[in-house]
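*Asks:* Whatever this is, show me its structure:
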Amino acid sequence: MNQTQTAPQPAEAEKDWQKSQYSNLIRYVPSGTYYARLRVKGKLIRKSLKTDLISVAKLRLADVEKSEREAAERQKATSQGKMTFGQALKHYREQTKASHQLKPASKKYRGEILDAISKTWPGVESLDIRKITEADCKVWALRFGNDYSSSRYNSALGILKGVFQIGVEAGSLYRNPAVGLKRARVSSKTLTLPTFEQFQEFVKELVRGGGRDSKNCSDLVRFLAYGGFRKSEAANITWADCDFEKNEITVRGDPETGTKNWSIRRVPMIPDMVQLLQPMRQIRAEEPASQPVMRVRECQKAMNRAAEKVGMARITHHDLRHLFATLCIESGVDIPTVSRWLGHKDGGALAMKVYGHLRDQHSVAMAQKVTFKRDHSTAA
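*Replies:* Residues are numbered from 1 along each chain as shown. Now for the predicted structure:
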């Protein structure tokens, strides 16, 4: 999207390119893809809009036109040796908003990080980007690291380097002053999951909470634990997604952001899930197939209270996903299969990293059952 496409040879221009009813919008006939074609500051620009739908192309065209004209204005300023950090930061924001490869949630997260950088570096947006030194960046890094977690610091560091890189590419900087900053070490979270008995009592305590949605909170907790769904995915699973004949659930994720890995997956119903959903569907038989199965999207406060009452460690919605994976592996399901159920796209690499120790423990336990010795009572 950020690369200007090479113009075709004149001989093929008439045959392969087709004008649309909208100004600056053309279509490449062989592929059906729409392109933005506009002249900015005397320069002819042609960029793919990466869609063959004219309704989508119209929306993306407006973003491209705005981005290119603002970029031309910035280029004019930088050609005179002028660029502030704020200008580079603004350009980074625009690139983020115009990206078709980032989901809305990722764009929102980047925006929050950019706001945090400005907040922890007072006055940085007005500074000439050429005058910001590596020492200045280190001072900011210490300040940001004291206010935020290691993982958020690492995200901010990557984005900060990206902002400075805009200055480098524009010719306002010779070297990225943040390039020498090191990422922070992120400590792995120690999982303290409930035992089978604790989980059963935990679910009962949620029902006894006394709130209007206490039963619904209990249903959500079991739904997450029995299916390994992300919280956002569970919120968008409808009755139409629950196939009681095949005993599987289709996971589509958030209608705006999709599942985390941009795909649809199918998760088989374990017996506990069937026992949860079938009676629920019978009670709510009048609901249309498009109705979400879960009536609450989150219940962390209720979970905190129930965990304290039961005397178990606090767990989050995401920990219930870990609980599902852990139980599957301890029950003998292989890690690649669990990984597919969780929606991972790495062939099981992440699951191996997180749950590999469980597989090893299970392997050792199974090995104890293997022997070349025969029981004398059964010997021939």
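*Asks:* Which residue ranges of the stretch 101-250 of the chain form strands?
*Replies:* Using DSSP state E, counting those that start in this stretch, the strands of the stretch 101-250 of the chain run over 242-243, 248-251.
*Asks:* Which one, of those, ends up nearest to residue 62?
*Replies:* Closest approach to residue 62 among these (Cβ to Cβ): strand 248-251, 33.2 Å. Every C-beta, even on glycine, is put in place using the N, C-alpha and C of the backbone.
*Asks:* shaky segments in the stretch 251-380 of the chain?
*Replies:* Scanning the stretch 251-380 of the chain with the threshold set as pLDDT under 70 gives 253-262, 346-371, 373-380.
*Asks:* list the buried ones in the helix or strand in which residue 301 is found?
*Replies:* Residue 301 belongs to helix 300-310 when elements are defined using DSSP states H and E. For helix 300-310, burial by neighbour count (16 or more other Cβ atoms under 10 Å) applies to 302, 303, 305, 306, 307, 310.
*Asks:* what's the answer for stretch 196-211, then?
*Replies:* Buried residues in stretch 196-211, defined by neighbour count with 16+ other Cβ under 10 Å: 198, 199, 201, 202, 203, 205, 206, 209.
*Asks:* And the chain, what are its domain boundaries?
*Replies:* 1-59, 81-187, 196-323 (automatic domain parsing).
*Asks:* would you list those domains in CSV and tack on distance to residue 71?
*Replies:* Formatted as CSV, the domains of the chain follow (distance: least, Cβ to Cβ, whole Å):
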stretch, distance to residue 71
domain 1-59, 8
domain 81-187, 7
domain 196-323, 27
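*Asks:* right, and these - which one's nearest residue 67?
*Replies:* Relative to residue 67, the nearest member of those by Cβ to Cβ is domain 81-187, separated by 5.3 Å.
*Asks:* pLDDT (mean, whole number) over that closest one?
*Replies:* Here domain 81-187 scores 91 as its mean pLDDT.
*Asks:* now swap in stretch 35-54 and tell me
*Replies:* Averaged over stretch 35-54, pLDDT sits at 88.
*Asks:* Show me which positions of that stretch end up buried.
*Replies:* 35, 36, 37, 38, 45, 46, 47, 48, 49, 51.
*Asks:* State the three-state secondary structure for the second one.
*Replies:* By that I understand residue 36. strand (DSSP: H, G, I helix; E, B strand; the rest coil).
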